[in-house]
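J.: From the sequence below, what's the structure:
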Amino acid sequence: MEHVSTLNINQLRSELKRRGLDGKGKKAMLVERLKGALQEENQETKTTQGNERGNEDRTTQDETKGNAASEEGTTNTFSIGKKEGREQDLPSIRVAEPSTHAVDGNLGKRTLEDRPEQERVVEESAAKRRHIELGIEDEHTPRNARQIDERTSQPNVECPYLDTINRGVLDFDFEKCCSVSLSPVNVYACLVCGKYFQGRGPKSHAYTHSLESDHHMFMKLTTGKVYCLPDGYEVVDQSLDDIRRVLHADFTEEHISSLDECPIWARSLDGNEYMPGTVGLNNTKHMDYANSVLQCLMRVTPLRDFFLNSKMYAHCQSKLVQRFGELVRKLWNPHNFKGHVSPLEFMQAVSQETNKRFNTDELADPTQFLSWLLKSLHLGLTDGARDKGSIISDCFQGHMQVTTEKGSIPGKSMDKDLIRSMPFFMLGLDLPPTPLYRDVMDKHAIPQVQLFTILQKYDGRKVSDEPRTGRRTFKVLNLPAYLILHVKRFSRNSFFKEKNRTIVNFSIKGLDVSTYIPLPKAQAAHAKYDLIGNIFHQGPPEGGSYQCHVHRKSDNQWYQIEDLHVERTLPQVVSLSETYILLYERKCSPPIRSPRQ
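T.: Numbering: from 1, shown residues only. Sure thing, here's the model as predicted:
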């Protein structure tokens, strides 16, 4: 014990704290306290060792006597003493000869094969438990996770803690990572408080939380299995299926095909009704530009049906594609506990892919976001092959012919006009400039323009003159099944950002594009479109908010959506907004071919 005096005061306090003793006081007092604790431990150790040695000696003597009797071929008969003055004999019990004997000084000691079957099973179970506690104390590797699943996940139907589950606090819309270690590996959700923890081994964060907070029900987020901690058994009960349907929404082909046939209403936990597919999206700060784009894309039937069936893109390695599919299934899930959905997990994937170009903290342009999203989804589904077909190109891709006049590009000499054929996902429309001066009677008038007027940019005859690209003409060769029109309403000069408030008058139903744009005969027969989505801007140019109008086919109604707020509106109101993006669906178009794997 002399080394105790050489310890500093911090080491002394640490040793006392480890033994559950008080670590307050001066160094001399702590030294005496630690020496006394060590003396008590030594005395207890000697006493324990003496008792164990005595038990071993008695066991050895008994076994030696038994072995000697068996070698002589004798049979021992046991009897009970007198009971109530009478002597009762028990039937003779023959002591069987051991199957194996030890040699060389170990005579009389039994090996593992000599022990009774029940005793051997108990010891093997204890060894497995020790192996789990010591060797596999966490399941952060696939090998350890499989071993823990094999040895501790024994299904138990009757669990006494099922009534502690609180469905009101469960929210699976956020990033699935541990709230302590921030690791996304092997994450479990506490079904009592809704927090995420890693692992379920004896030294994992979920195991510690179950002991500290007396919370016992945990669901593995990747598989949907429920375990009771710290006992470690799997809970099998049908009452947990509703939580699994919220965590992993699954749609059959029959369900997907019937989404537009009749209106579907669902009820959340708080008793409010909501419409699957037309639910509000949470806005943490500046996500309205993304929310409006996502709401309009949910109106594209082939795109929706493709991403509702997770088997169609299960092979895809793109994280963006998987997150977008999860969001689509959440938006159309009729079993949600809430009447709204948070796209935060999807936006985190977007922020990582774009190096924070599109994030939740800064307002961005929905046109740029929509263009990037369609291209990224297309590349993700085709493994980076631009010319390969996907559900994105089948729905939104058209083709146009761009002719650049010779000698119109500064610093570039051309002998003849440059003619190129290129694909497009959306068409940009230029608004006429607003008048600089107005008379007294016209000071409150709002300028208006017809959609067919600004569509003439793509008739192949109207020239667009820009300093960097030269004099060009555009001619549409092939129209897509879903036509996206972008009204260029914002412009930036050397000092500030300007907004053109000109109202665009457009048709809600039956827009015949061939009337304004010359098309091939095969295309002119399928050039009528119906509006299904409209994104508009409200407020000043530097700020404001983006909202959208969407058409719901099942009840043939229009809805105005601003983040979480969803209300019915009239179709006449749709054309009065300061529209920014128009989404049209081809009317009576041939069915889109099956998405290519």
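
J.: so how far is residue 229 from residue 481?
T.: 51 Å (C-beta to C-beta, to the nearest Å). All C-beta atoms are positioned from the backbone trio N, CA, C, and that covers glycine.

J.: Could you check which of these two has the larger neighbour count?
T.: residue 229 (25 against 21; other C-beta atoms under 10 Å).

J.: Just the C-alpha atoms of the helix or strand harbouring residue 17, please, in PDB.
T.: Per DSSP states H and E, residue 17 falls inside helix 9-18. C-alpha atoms of helix 9-18 as PDB (Å, rounded to 0.1, in the frame of the first residue of the first chain):
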ATOM      1  CA  ILE A   9      -4.900  14.300  -5.400                       C
ATOM      2  CA  ASN A  10      -6.700  13.800  -8.700                       C
ATOM      3  CA  GLN A  11      -5.700  10.100  -8.900                       C
ATOM      4  CA  LEU A  12      -6.700   9.600  -5.300                       C
ATOM      5  CA  ARG A  13     -10.200  11.100  -6.000                       C
ATOM      6  CA  SER A  14     -10.600   9.000  -9.100                       C
ATOM      7  CA  GLU A  15      -9.800   5.800  -7.200                       C
ATOM      8  CA  LEU A  16     -12.100   6.700  -4.300                       C
ATOM      9  CA  LYS A  17     -14.900   7.600  -6.800                       C
ATOM     10  CA  ARG A  18     -14.500   4.200  -8.600                       C
END
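
J.: buried residues in that helix?
T.: 12-13, 15-16 (16 or more other C-beta atoms under 10 Å).

J.: How many residues are close by residue 297?
T.: If we define neighbours as other C-beta under 10 Å, then residue 297 has 24 of them.

J.: quick one on the thing from earlier: make JSON lines out of the buried residues of helix 9-18 and add distance to residue 362 and pLDDT.
T.: Formatted as JSON lines, these follow (distance: C-beta to C-beta, whole Å; pLDDT from 0 to 100):
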{"residue": "12", "distance to residue 362": "54", "pLDDT": "76"}
{"residue": "13", "distance to residue 362": "50", "pLDDT": "78"}
{"residue": "15", "distance to residue 362": "53", "pLDDT": "78"}
{"residue": "16", "distance to residue 362": "54", "pLDDT": "77"}
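
J.: residues in contact with the helix holding residue 17?
T.: Residues outside helix 9-18 that contact it (C-beta atoms under 8 Å, 6 or more residues apart in numbering): 4, 7, 22-23, 27, 30-31, 33-34, 37.

J.: sorry, back to before: quick check, nearest of the buried residues of helix 9-18 to residue 549?
T.: residue 13 (68.2 Å; C-beta to C-beta).

J.: For residue 31, see how far away that closest one is.
T.: From residue 13 to residue 31 the distance is 11 Å (C-beta to C-beta).

J.: my read: residue 464 touches residue 473, true?
T.: Yes. Using C-beta atoms under 8 Å, residue 464 makes contact with residue 473 at a distance of 7.3 Å.

J.: So which of these two has more stuff around it?
T.: residue 473 (19 against 14).

J.: nearest spatial neighbour of that one, skipping sequence neighbours?
T.: Distances taken as C-beta to C-beta, 6 or more residues apart in numbering put residue 403 closest to residue 473, at 4.8 Å, once the chain neighbours are dropped.

J.: can you tell me how far the one you found sits from residue 470?
T.: Taking C-beta to C-beta, one finds residue 403 at 10 Å from residue 470.

J.: same thing with residue 421?
T.: 18 Å.

J.: Comparing those two, which residue is more hemmed in?
T.: residue 470 (19 against 11).

J.: about what we covered before: what's the closest of the buried residues of helix 9-18 to residue 289?
T.: Proximity of the buried residues of helix 9-18 to residue 289 was ranked by C-beta to C-beta; the top entry is residue 13 with 56.5 Å.

J.: Please state the backbone phi and psi of residue 511?
T.: phi -70, psi 120 (degrees, to the nearest 10).

J.: Out of the helices and strands in this protein, which is least certain?
T.: Within the chain, no helix or strand scores below strand 79-83, which has a mean of 37 by mean pLDDT, DSSP states H and E.

J.: which stretches of the stretch 401-550 of the chain have low pLDDT?
T.: Scanning the stretch 401-550 of the chain for pLDDT under 70 picks out the ranges 436-444.

J.: The stretch 51-200 of the chain now?
T.: 51-157.

J.: May I ask which helix or strand encompasses residue 449?
T.: strand 448-450.

J.: partners of that strand, with directions?
T.: strand 503-505 (parallel) (DSSP bridges).

J.: Grab the longest strand from the chain for me.
T.: strand 528-538 (DSSP state E).

J.: Mind listing residues that contact that strand?
T.: By C-beta under 8 Å, 6+ apart, strand 528-538 touches 292-293, 295-296, 299-300, 366, 483, 489, 499, 506-513, 544-551, 574, 577-588.

J.: still on that earlier bit, and the strand holding residue 449, how far from the chain's centre?
T.: 44 Å (C-alpha atoms, centre = their mean, to the nearest Å).

J.: same question, stretch 168-176
T.: 9 Å.

J.: C-alpha coordinates for it, PDB please?
T.: Output in PDB follows, covering the C-alpha atoms of stretch 168-176 (Å, rounded to 0.1, in the frame of the first residue of the first chain):
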ATOM      1  CA  GLY A 168     -47.700  11.100 -30.600                       C
ATOM      2  CA  VAL A 169     -44.000  11.800 -30.300                       C
ATOM      3  CA  LEU A 170     -42.900   9.500 -33.100                       C
ATOM      4  CA  ASP A 171     -41.500  11.400 -36.100                       C
ATOM      5  CA  PHE A 172     -39.600   9.500 -38.800                       C
ATOM      6  CA  ASP A 173     -39.100  12.500 -41.200                       C
ATOM      7  CA  PHE A 174     -35.800  13.600 -39.800                       C
ATOM      8  CA  GLU A 175     -32.300  12.300 -40.400                       C
ATOM      9  CA  LYS A 176     -31.900   8.800 -38.900                       C
END
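
J.: Just the buried residues of that stretch, please?
T.: Buried residues in stretch 168-176 (16+ other C-beta under 10 Å): 170, 172-173.

J.: Make JSON lines from those and add distance to residue 540 and secondary structure to it.
T.: Listed next are the buried residues of stretch 168-176 as JSON lines, based on distance: C-beta to C-beta, whole Å; DSSP: H, G, I helix; E, B strand; the rest coil:
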{"residue": "170", "distance to residue 540": "40", "secondary structure": "coil"}
{"residue": "172", "distance to residue 540": "37", "secondary structure": "coil"}
{"residue": "173", "distance to residue 540": "31", "secondary structure": "coil"}
